[in-house]
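Engineer: using only what follows, build the 3D model:
(2 chains)
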Protein chains: 2
Amino acid sequence: MDDRTEIESLGEFGLIAKITEGIKLQQPTSLVGVGDDAAVIAASASANASADQVTNDRIVVTTDMLCEGVHFDLTYAPLKHLGYKAVVVNLSDICAMNATPTQITVGLAISNRFSVEAVEELYEGIRLACERYSVDLIGGDTTASASGLTLAITALGRAQDENITLRRGAEEGDLLVVSGELGSAYMGLQILEREKHVFKEAPGAQPDLSGFDELLERQLKPEARVDIVAELAKLKVQPKAMIDISDGLASEALHLAGAGLTQAEDGKGLGVRIYEDKIPMSEKMYDAAREFNLDPTLCALSGGEDYELLFVISQDQFDQIQNHPMFSVIGHFTADPSDRTLITRSGGEAELKAQGWDSLA
Amino acid sequence: MDDRTEIESLGEFGLIAKITEGIKLQQPTSLVGVGDDAAVIAASASANASADQVTNDRIVVTTDMLCEGVHFDLTYAPLKHLGYKAVVVNLSDICAMNATPTQITVGLAISNRFSVEAVEELYEGIRLACERYSVDLIGGDTTASASGLTLAITALGRAQDENITLRRGAEEGDLLVVSGELGSAYMGLQILEREKHVFKEAPGAQPDLSGFDELLERQLKPEARVDIVAELAKLKVQPKAMIDISDGLASEALHLAGAGLTQAEDGKGLGVRIYEDKIPMSEKMYDAAREFNLDPTLCALSGGEDYELLFVISQDQFDQIQNHPMFSVIGHFTADPSDRTLITRSGGEAELKAQGWDSLA
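Structural biologist: Numbering: from 1, shown residues only, chains lettered A, B, ... in the order given. Coordinates of the predicted model:
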């Protein structure tokens, strides 16, 4: 009998590492391939362009798949919101490259359980997101599926070479900065899950969602932080590295640390220390977490789907960022890659763990 | 109760028309949107580039989704072949724009029915296709699905503005030209379906595939005609319009006719006349069709999945094409959009019907 390795034994990152191992880029325009929030290609085809036509224009490309029953549950995610969110999560990856999104393509596979009206509702959300972000829907594919709904969106964006931010770039002593507030999207999901459960037990019950609008909106209708990309340009702050928070703060911070520049021979990257009292959380999120008997800090560290931007600056840029209402400086990078530390409010230390969600694990 | 329109009442083209209705392109770099084999964007971001940096470089983008149980059947399509074919069908769309493919991204959703080894086999096919066509795999997404396997591939390619071919461009009197031979991929599928049926009836039976290698290869391992794009450039033949044959010759020819340039106010495009005796078919395909009691011409007209290129030239280019072994001149365009005619071997006339496969109908 053939050997069979279960995918969950590797998880998403392990599987991707295995299937992309040893890939070599052959095209002169392929500048950054698999492994970052988006790929980077040169806009000018250097083979054809004359020297003065080789510009610093870059095109960034990212793809995401959303599967019914894995990434979303149509019991409480309306199709219009799903369409909007599917676009936004891709635009967020473009923002994580410090680029501006410009175009998307949409692949849609649907079973005959869905009506034309349902598909129109989904596309209404997709088009709303396109309008909101001035992004063009330029192509796609619409097809039948044997069961369920799968959305595959590819987003393209633009940046100048000198502004592109990869995951790789942090150095010892650099600061870790995050936009906005964390944990709200995760709490929104908890509220929806609770009401779904109540509804299953007692189908006549009315969902009790009052007072949770902000949290529900963060879960059902997240936004991509194009405003942060614009603000960084305005402040003339060039992050040394950046990632968007889809899998939770801890997981993403460890990505930036692991990809950090180091002189050590082991190539294991840097350590990172995060201060609990600096992690930005909304009052609504904090209160809801308490109501659900959840630790608000854990929600922020591991909750995911915040789509905030997490980036790295050198210490000499601290003054430009420290009192800015859009940003929180939450930690710094250290030389020792085994240093993955949360400094608690009480001054104690806890290990930062990547408990981000992995659909394959 | 809400009105419910079944998707099959519209079919793929009807549904796409409905959901993309009224889309307006906002980005200056979005040159061609939904509705062709691929979208076209300007490589230079005109907003940032100086006048001498605005080049004719174009990037073309296309997306295709392949769903288990709809587009492929893993009983007889080995995963390696599936990976290869999934890339090729996208590269074929790039070729249909008269462009050269350069990069792909791969979205993969898989259920836990698949092992790591199965995913590796699929990617072996994807990587083989990338090597064969000098195309870079630059990104993607790998995720769990609730059931089955779905592949979403986006391909990027390059062309100069003056060489891009849209579906729109045919004029009255122009000639219709096709590369290669038609119908073989469809016959390959018939052979596989027959053997699957035999195997189901008598599981011990050995499949009888001898002598059908050519047809099976056309079905299981099709190729994208990058060589035709190169040959047209070498011959300095600029097609006025082009499309690739994924849904059968008749369907694609009617697309070119419908998108034809006309002075009539109804905007219904042109008519098209195809000569049965000019349709290129291989001897193997012809013989197999007879063995299966199928009309070879019908296989070529409606079979699909040939991934040959179908294009339009003006009559004054006839001499450059007529005796070229890669091309067959098979018909011409007429002024009357209701003229959709197959001129049979016996000199009779039959109506050309788009019986191309529609997963949603």
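Engineer: so what pLDDT did residue A:53 get?
Structural biologist: Note on residue A:53: pLDDT of 57.
Engineer: go on, residue A:135?
Structural biologist: Looking at residue A:135, its pLDDT reads 97.
Engineer: wait, what's in contact with the residue nearest to it when sequence neighbours are not counted?
Structural biologist: Leaving aside its chain neighbours, residue A:135 sits nearest to residue A:101 (5.0 Å; criterion: CB to CB, 6 or more residues apart in numbering or on different chains). Quick note: C-beta positions are derived from backbone N, CA and C, even for glycine. By CB atoms under 8 Å, 6 or more residues apart in numbering or on different chains, the residues touching residue A:101 are A:90-91, A:94-95, A:133, A:135, A:155-157, A:224, A:226.
Engineer: repeat for residue A:111
Structural biologist: A:144-149.
Engineer: burial of residue A:103, as a residue count?
Structural biologist: For residue A:103, the count of nearby residues is 27 (other CB atoms under 10 Å in any protein chain shown).
Engineer: could you point out which element follows the helix or strand hosting it?
Structural biologist: In this assignment (DSSP states H and E), residue A:103 forms part of strand A:100-110. Using DSSP H and E, the helix or strand that follows strand A:100-110 in sequence is helix A:116-132.
Engineer: which parts of stretch A:320-332 are buried?
Structural biologist: Residues of stretch A:320-332 classed as buried: A:321, A:326-332 (neighbour count, 16 or more other CB atoms under 10 Å in any protein chain shown).
Engineer: my bad, stretch A:214-222
Structural biologist: A:214-216, A:218-222.
Engineer: stretch A:300-311 too?
Structural biologist: A:300-311.
Engineer: and what of stretch A:272-280?
Structural biologist: A:272-276, A:279-280.
Engineer: all helices for chain A, in order.
Structural biologist: Under the criterion DSSP state H, chain A contains helices at A:11-20, A:79-95, A:116-132, A:184-201, A:213-220, A:226-235, A:249-258, A:283-291, A:296-302, A:318-321.
Engineer: which of those helices sits closest to residue B:15?
Structural biologist: Across these, residue B:15 has its closest neighbour in helix A:116-132 (6.5 Å, CB to CB).
Engineer: counting contacts, what elements does that closest one pack onto?
Structural biologist: helix A:79-95, strand A:100-110, strand A:136-144, helix B:11-20 (3 or more CB pairs under 8 Å, 6 or more residues apart in numbering or on different chains; DSSP states H and E).
Engineer: can you put these in JSON lines and add distance to residue A:253?
Structural biologist: Converted to JSON lines, those look like this (distance: least, CB to CB, whole Å):
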{"stretch": "helix A:79-95", "distance to residue A:253": "17"}
{"stretch": "strand A:100-110", "distance to residue A:253": "24"}
{"stretch": "strand A:136-144", "distance to residue A:253": "34"}
{"stretch": "helix B:11-20", "distance to residue A:253": "39"}
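Engineer: those: which one's closest to residue B:119?
Structural biologist: Per CB to CB, nearest to residue B:119 of those: strand A:100-110, 18.9 Å.
Engineer: what lines up beside the closest one in the sheet?
Structural biologist: Strand pairing for strand A:100-110, determined by DSSP bridges: strand A:136-144 (parallel), strand A:149-160 (antiparallel).
Engineer: so which residue of the stretch 201-350 of chain A comes closest to chain B?
Structural biologist: Closest approach between the stretch 201-350 of chain A and chain B, counting by CB to the nearest CB: residue A:246, at 11.1 Å.
Engineer: and that residue, what does it touch?
Structural biologist: A:89, A:92, A:252, A:304-307, A:356.
Engineer: give me the subset of the residues you listed touching chain B.
Structural biologist: Near chain B, judged by CB under 8 Å from any CB of the partner chain, there are no entries from these.
Engineer: what comes up buried for the lowest-mean-pLDDT helix or strand in chain A?
Structural biologist: Within chain A, no helix or strand scores below helix A:11-20, which has a mean of 84 by mean pLDDT, DSSP states H and E. By 16+ other CB under 10 Å, the buried positions in helix A:11-20 come out as A:12-16, A:19-20.
Engineer: out of those, which one sits closest to residue A:202?
Structural biologist: Residue A:202 lies nearest to residue A:12 out of these, by CB to CB, at 36.8 Å.
Engineer: show me what contacts whatever residue of the stretch 251-361 of chain A ends up closest to chain B?
Structural biologist: Across the stretch 251-361 of chain A, the shortest distance to chain B (CB to the nearest CB) belongs to residue A:359, at 4.0 Å. Contacts for residue A:359 were tallied using CB under 8 Å, 6+ apart; they are A:12, A:67, A:70-71, B:143-144.
Engineer: out of the residues you listed, flag the one nearest to residue B:162.
Structural biologist: residue B:143 (40.5 Å).
Engineer: run through the bridge partners of that closest one.
Structural biologist: residue B:109.
Engineer: I'd say it and residue B:109 touch.
Structural biologist: Yes: using CB atoms under 8 Å, residue B:143 is in contact with residue B:109, at 5.2 Å.
Engineer: tell me which residue is most central in chain A.
Structural biologist: By CA atoms, centre = their mean, chain A has its centre lying nearest to residue A:246, at 3.3 Å.
Engineer: the contacts of residue A:101 into a markdown table, with extra columns for neighbour count?
Structural biologist: Below are those laid out as a markdown table (neighbours: other CB atoms under 10 Å in any protein chain shown):
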| residue | neighbour count |
| --- | --- |
| A:90 | 31 |
| A:91 | 29 |
| A:94 | 29 |
| A:95 | 32 |
| A:133 | 22 |
| A:135 | 27 |
| A:155 | 29 |
| A:156 | 30 |
| A:157 | 27 |
| A:224 | 26 |
| A:226 | 20 |
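Engineer: closest to residue B:230 among those?
Structural biologist: Closest to residue B:230, out of all of the contacts of residue A:101 and judged by CB to CB, is residue A:156, at 26.3 Å.
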